[in-house]
Every structure is written in structure tokens, then in C-alpha cells.
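[1] Generate coordinates for the sequence data below:
(2 chains)
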There are 2 protein chains.
Amino acid sequence: MHMHPAAEIGMPLDAVDTPALLVDLDALERNIQRMAKAVTQSSVTLRPHAKSHKCPVIALRQMAAGAIGVCCQKVGEAEAMVYGGVPNVLVSNQIVGTGKIARLVALAKQAWVAVCADHPANVQSLNEAAPAFGVRLPVLVESNVGMDRCGVEPGEPVVALAKQIAASPGLRFAGLQAYHGSAQHLREYSKREEAIGLAVAKISQSVELLSRHGLACEMITGAGTGTYRFEAASGVYTELQAGSYIFMDADYAKNLALDGNPTSDFEHSLFVWATVMSRPTKERAVLDAGHKALSIDAGLPWVAGMPDVEYIRAADEHGKLTLRDPNRALELGSKLRLIPGHCDPTVNLYDWFVGYRKDRVEAIWPIAARGASR
Amino acid sequence: MHMHPAAEIGMPLDAVDTPALLVDLDALERNIQRMAKAVTQSSVTLRPHAKSHKCPVIALRQMAAGAIGVCCQKVGEAEAMVYGGVPNVLVSNQIVGTGKIARLVALAKQAWVAVCADHPANVQSLNEAAPAFGVRLPVLVESNVGMDRCGVEPGEPVVALAKQIAASPGLRFAGLQAYHGSAQHLREYSKREEAIGLAVAKISQSVELLSRHGLACEMITGAGTGTYRFEAASGVYTELQAGSYIFMDADYAKNLALDGNPTSDFEHSLFVWATVMSRPTKERAVLDAGHKALSIDAGLPWVAGMPDVEYIRAADEHGKLTLRDPNRALELGSKLRLIPGHCDPTVNLYDWFVGYRKDRVEAIWPIAARGASR
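    Modelled structure (predicted):
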């Protein structure tokens, strides 16, 4: 069932039903501008990851501020983006399976769409599917630069797969996918810098080898909100894929900057709006937002603007709060904003963003790729 | 975006796209029959929790096997059940907020709908809303019987709230909500038995006190899949609210029976169908199902039928497997079944159940209350 929105445009924020997924539009816009500025001052371009917002409206705002397109992880996400007007999508992932590959190739006829590969059999499947739609599909080799998930190892394995792509009539070798996921949440600045330094060395080795085989990398793409400064300054990466920067969840806010203080590059703009539904003791309050309303895979949410109130436990539909200040009223029916531990999977639980400015609802945006897991 | 189903009826299971939420219909039906039999042999009735499946089709099958109705946690879930033909719904939770209460009371005109309360202000709001729809709403007092979440304390506080309900012209005092959530996953049989023993003592005390004030409990409702045997045998509870038993997730399967072996009351019937999308090393495979495809709040999934393959890490869209048997092929494109750590929030990620029997798709059921968090 597609849920109706929790709000109407023009409503005061207080009147919005809960749980609802709020976006502070001023904060969102400042985050978009800040990343745009950081990119302008570097030699890279920005291709934000749409897995964070799953919303073409936000993607088009990122492009209006200079982004060259978006990344997606799934064909369903890419379809939502292209159908929503985004002309340029990199599927920064492997797409395996006949049905999915057909959808991918068909989509590449409607917009610029590229994909990643890390296996010869997958390259062969992509090459076999492309002619049916008269498409020559750009394919990047995904290389493992430190997170040990997908990707071929740097050096010779990259060259071997790139050669196969270049020799496939339905495909075009487009460069390298080199995302270092496990570096994003290393808390210390120097650890993140070091991890990306190692990734850059691996990529440089592969690029050098590819070049000796006459294979040029049009794109070398990677980076996230935790490390984008290092990739931007690397001289090797051509694109940044950061996504979470627009929302800035609690997990990313735990990263430390060079000076040892929490990073302050971006502001929290995404919140789960919740109601106090039970008030059993002076120290305990219960919210109507548990882990079906916000993902706890990367930790519990923070209560915005109430450092004396701690969200200590999430059940399916309940969030338990501990109140440390005896003067904190927090009466039954009060509403408050939660900063999710992890923005991406939290967004995936909702059908709509409720965009507000100051304390008035201004926009209700469909989360077009919610649940687009295929 | 409402996703189209991953399958068509009649398809062989192998052809179903991934990730998809599979239900083994034989196993589901056996679980429904087993619980029905356990209840028949006791003096309680069964009111399964629909928060687990969010699907009226399954609710009606439970009722066909003897259940008297269902429980829900949210008004949106109750709406989906009533609109789907379920005539009897207990909202086993507090409903706070004018809009939600109006929806609840209006729904009580269309079916038998009851709700819980644990706060005088909430009882007052319910009482004020009921007349507009000409409804006399049955209200249960939620009592804290050990999990320290919602609910008034046993004894005098229960009586005070019950009296307020009984004195409210728009409401009717219907009994006690006494669910002990934190007892459900105590691994040892004796610990679960002990926890429910304590809950039963608390309820008995409240019932005795209520009786002295001339207040009878038509319903005393609680229990989950981890403890239902104890509530069924308690002589105090009148209803069981177990929900997960139809699916039996990995977390519940870790509970131990009286003989110290894992509990075997029910079978796993719910699976996430996933594809091997990367095969970077002999020991490592990566699936297209991460924590946007299955909830990891209660632990990682198990790989069905492959004890030598371990799901060791979930990212948003990736599941990393370790292969302990060097002879395990698990080629690129292979599909396998994952047993989710926690069924309820996993179901909430999907729009459809793909029901199969042996290896053929037989039913595609809409998850009508997916995302019904309000």
C-alpha cells in the first residue's frame, strides 16, 4: 500500500502527523551549495549518489548546482531517476541476471547510463544484451581499493577485464569504479586520509598498466561523504560519488575533522518526526518511531535540540527515551525531531519527504525509488 | 513508487527476480495449523499479531484456522486489515494524536476495533472523539508486566485508569493488555517461563483489585512466539498475540526448548531470495541483498540449506558471504534463500510476498500495510 503523505503543503510543522520523514529545506540547500563549492575548487566533478535520497526532485537540484549526473545501485533506482528527468546515471554496481540486464540496456537508450563489472561472465552477458537495443553500453571496471567487497584486484586483473570490455562490440570501456566504503566511517581524519592514500596508489598502478595497453580511463569514480576531500585532491579521481552529505546522519557526524572536533562540513537536514505516545515514569518516555521508522544498522538516532534526552532502545514500532533532566516536561502528544543513525536505509522506509522551511511545510516530494531493490 | 512484483504466478522459483520476499506456502500452512492446534488444546483464543505479515490474505487464513481476529500496532495497519476483510482488530498499542484517533474511531464503526491506553489524557481524548462517530470504543488498560516500555504499573494504577475508562460514556473497559516483549528472546526455556510467571503474578494482582472495584476483564491479552506456551497455560491470559510463528525468523530459532535444543515448534517459511552478484575470491561471494532487503536489527540472516556459507556483513545493497567449503561453487548468478534475522521489519521493506510451493510460484500477495507506520 502506498501511504498517503503525513502532511499538506502550508501546514505548520506541529500539525504534521508522525512518524514522518522531514527535510529542512534551508539546511538541504546549504549542504548542496557547500558540496558544489568544494567541487568547484577542485579538479573533479560531482556525481552524487542517489541511493541516499531516491528522489529525482533532489537529484535535479543537485544537477542545477553543478552535478553532472547521479549514481545508483540498482536498475530500479536508475529507472526512477531517468523517468524523473535525470539524463545521466552511473549504476555504480554490478547488474547480474538476464531480466535486470535487459532493463539496464533498454534504459541506456533513454539516457546516458553506464554500469560497473568485476567478472568476465557478467561482461559477456552485458555484451550479449546490448545489440537488442542498439546500444553501446559504457562499462567501468570495479576495482577493490581496500574494502574487500566487490571488485577485481588492482593491476593485471583490472587490465584483463578492461581489455575484455574494450573488445566487446556492444560495450565501451569507460574507466574505473574505485569506491572505498570502509574508509568512510573511520573516525580519525588521519586514518581516512591514509586509507584513501592507499586507494590512490592502487588506482595509479592500474591506470599506468592500462595506459601501457592503450586503454584510457575517461572516468575514475569513487568517494563518499567521509573522504571526499581526499579523492577531490588526489589528482587521480575524476568524480565524487558522495551521497549522504545532503542529509548528514548521526553516524557521519561522529567523524572527526583535522582539528579533532566533529566534522562540520554539512548540517543535519533529515529528521524523523515523532510523537511521545507513552509517559510511564518521570525518566521514561516512549515515541511512536521505532526501527520500522528509522534504520538502526549504524546506531540509534539522536534527539535534535535536546541533549538531555537520549533515545536508548528501538523496538519495531516504539522508541524508548531516557530523560536526564527532571525539568524536561515532554508531555504526552509532544512531537520531536530525531536525527537518524543512517540516512539511506531510513529514507527507504518512506514514500514521501515532507520538506519544511522554518516551521511551515513547503514541499512533499515522492521518494520515487523507495523499495527499488531490484 | 510501488514496485511491481518480482515474479509471475506459475513461474519456476529459479526464474524469480531478486531480492524478493518468498513464502514457502507448505511451511506457512503447517505453522498456522500447529499454532491452531496448540490453542485448541488450551483455554485461550488466538489473536495473531498482523504486524508480522501486514497482509489481510494471511490474516484471513489465520482466522479460517480458528483465530478470533488480529492485533495491529498502528491505525494504518488496522485500516489495511479491516479494508481487506478482517472483522476484528485489537490495536495493541496507544494511539495518540487527534487525526489518528479520529481514524481509529471511524474504523470502529466498520469493524470490531479496540485499543489500549496507559495515560489519563489519552483516555480523555478517546472519549471525546468517540461520539462523533456514534461509537462506544472498547479500551484495554496496558499494564507493564516486565518490559518497562509502555503501560501503567500493576495494581492501583491499573484500577485508576480502568475506572476512568468505565466512567467514560464513549468508551467501554475491555480488559488488560499485558505483553512481555523482553521475555520473548530470553534463550533459556526456564528464563522465559520465569519471566511469564512474574507477569502472571502481576496480572493476577491487578485482576483481583479490579474485581473488588466491580470491574471485570473480558480480555487479558499478550504473549509472543517465544512464550505463548506459558501464557496459554497460565489460567489468566484469555488471548495469545503471537505473530512471528507463521514465519519463524533466525532470532526466534535461537531460543532453546525445555530439552536445551533449539526450539522446533515452527518452521522457517519466510526467505529473502538473493543473487550472487560478485565472486571476487574463492572464499568470498557478494549477494544483491543487504540491509535494505532484510532487517539486521536482530542479527544477520542465515543462508538456508548451506551451513558452510555464512552471511558475515550487510551493507545497504550488498551482503557479503564467507564460503568455508572450498568445493562450494556458488557461481555468479546463483540464487539462494536467506532466513532473515527478524521477520517483521524485513516484511516492511517489501510490497509483495511471493508464495511458492515446492519450486513453483503459486501466489503473489500484496503487503497491504507495508509502510503503514501511522
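
[2] From here on, just use CA atoms for contacts and neighbour counts.
    OK.

[3] show me the contacts for the closest residue to residue A:44 other than its chain neighbours.
    Closest residue to residue A:44 apart from its sequence neighbours, by Cα to Cα, 6 or more residues apart in numbering or on different chains: residue A:238 at 4.8 Å. Going by Cα atoms under 8 Å, 6 or more residues apart in numbering or on different chains, residue A:238 touches A:43-45, A:219-221, A:232.

[4] if you look at these, which of them are in strands?
    Using DSSP state E, the subset of the contacts of residue A:238 located in strands is A:45, A:219-221.

[5] burial count for the closest residue to residue A:82 other than its chain neighbours?
    In space, and not counting its chain neighbours, residue A:82 is closest to residue A:111: 6.7 Å by Cα to Cα, 6+ apart. Residue A:111 has 18 neighbouring residues, counting by other Cα atoms under 10 Å in any protein chain shown.

[6] And residue A:111, how far from residue A:69?
    11 Å (Cα to Cα, to the nearest Å).

[7] what secondary structure does residue A:203 sit in?
    The local conformation at residue A:203, judged by DSSP: H, G, I helix; E, B strand; the rest coil, is helix.

[8] And for residue A:207?
    Three-state call for residue A:207 (three-state DSSP): helix.

[9] can you pull out the helices in the stretch 51-200 of chain A?
    A:56-64, A:75-83, A:98-107, A:120-129, A:156-166, A:189-212 (DSSP state H, counting those that start in this stretch).

[10] Spit out the contact partners of the residue nearest to residue A:82.
    Applying Cα under 8 Å, 6+ apart, the residues contacting residue A:111 are A:82, A:86-89.

[11] Now rank those by neighbours and give me the top one.
    Taking other Cα under 10 Å to define a neighbour, the member of those with the most is residue A:89, carrying 27 neighbours.

[12] OK, contacts around that residue?
    Applying Cα under 8 Å, 6+ apart, the residues contacting residue A:89 are A:69-72, A:78, A:81-82, A:111-114.

[13] likewise residue A:113?
    Contacts of residue A:113 by Cα under 8 Å, 6+ apart are A:88-91, A:104, A:107, A:137-138.

[14] what's the domain layout of chain A?
    A:13-21+A:264-366, A:42-248 (automatic domain parsing).

[15] In CSV, list those along with mean pLDDT.
    Shown next, in CSV, are those (pLDDT from 0 to 100):
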stretch, mean pLDDT
domain A:13-21+A:264-366, 97
domain A:42-248, 98
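
[16] Export these to JSON lines and append columns for distance to residue B:305.
    Output for the domains of chain A, formatted as JSON lines (distance: least, Cα to Cα, whole Å):
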{"stretch": "domain A:13-21+A:264-366", "distance to residue B:305": "26"}
{"stretch": "domain A:42-248", "distance to residue B:305": "22"}
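
[17] what's the closest of those domains to residue B:6?
    domain A:42-248 (10.4 Å; Cα to Cα).

[18] now do the same end-to-end measure for the closest one.
    22 Å.

[19] swap in stretch A:63-78?
    Across stretch A:63-78, first to last residue, Cα to Cα, it's 15 Å.

[20] again with stretch A:333-349
    23 Å.

[21] Which one of the domains of chain A lies nearest to residue B:278?
    Among these, domain A:42-248 sits nearest to residue B:278 (Cα to Cα), with 5.8 Å.

[22] and the residue nearest to residue A:183 when sequence neighbours are not counted, how many neighbours?
    Spatially, and ignoring its direct neighbours in sequence, residue A:183 is nearest to residue A:192 (5.6 Å; Cα to Cα, 6+ apart). The local packing of residue A:192 (other Cα under 10 Å) involves 22 other residues.

[23] ok, now which ones touch residue A:192?
    Applying Cα under 8 Å, 6+ apart, the residues near residue A:192 are A:183-186, A:226-227.

[24] so how far is residue A:49 from it?
    For residue A:192, the distance to residue A:49 - Cα to Cα - is 20 Å.

[25] cool, residue A:267 as well?
    Distance of residue A:267 to residue A:49, computed by Cα to Cα: 18 Å.

[26] Tell me which of those two has more neighbours.
    Neighbours of residue A:267 and residue A:49, each counted by other Cα under 10 Å, are more numerous for residue A:49; the result is 27 against 19.

[27] Okay, the more buried one and residue A:89: tell me how far apart.
    Between residue A:49 and residue A:89 the computed distance is 10 Å (Cα to Cα).

[28] joint contacts of those two?
    A:70-72.

[29] Give me the buried positions along the lengthiest strand in chain A.
    Longest strand in chain A by number of residues, with DSSP E as the criterion: strand A:270-278. Residues of strand A:270-278 classed as buried by neighbour count (16 or more other Cα atoms under 10 Å in any protein chain shown): A:270-278.

[30] go on, stretch A:149-165?
    For stretch A:149-165, burial by neighbour count (16+ other Cα under 10 Å) applies to A:149-155, A:157-159, A:161-165.

[31] same question, stretch A:341-360
    Within stretch A:341-360, judged by 16+ other Cα under 10 Å, the buried ones are A:341-356, A:360.

[32] For residue A:49, which residues are in contact?
    With contact taken as Cα under 8 Å, 6+ apart, residue A:49 is in contact with A:70-72, A:241-244.

[33] That one pairs with what?
    residue A:71 (DSSP bridges).

[34] And the closest residue to residue A:292 other than its chain neighbours, how close does it get to residue A:322?
    Spatial nearest neighbour of residue A:292, chain neighbours left out: residue A:316 (5.4 Å); criterion: Cα to Cα, 6+ apart. Using Cα to Cα, residue A:316 is found at 18 Å from residue A:322.

[35] Please work out how many residues are found near residue A:308.
    Neighbours of residue A:308 (other Cα under 10 Å): 12.

[36] ugh, wrong one, I meant residue A:261
    When neighbours are defined as other Cα under 10 Å, residue A:261 has 12 of them.

[37] confidence score at it?
    Residue A:261 carries a pLDDT value of 96.

[38] Give me the buried positions along stretch A:317-335.
    Quick answer for stretch A:317-335 (16+ other Cα under 10 Å): A:317-323, A:330, A:332-333, A:335.

[39] out of those residues, who's near chain B?
    Here is what survives when those are matched to chain B using Cα under 8 Å from any Cα of the partner chain: A:317, A:320, A:332-333.
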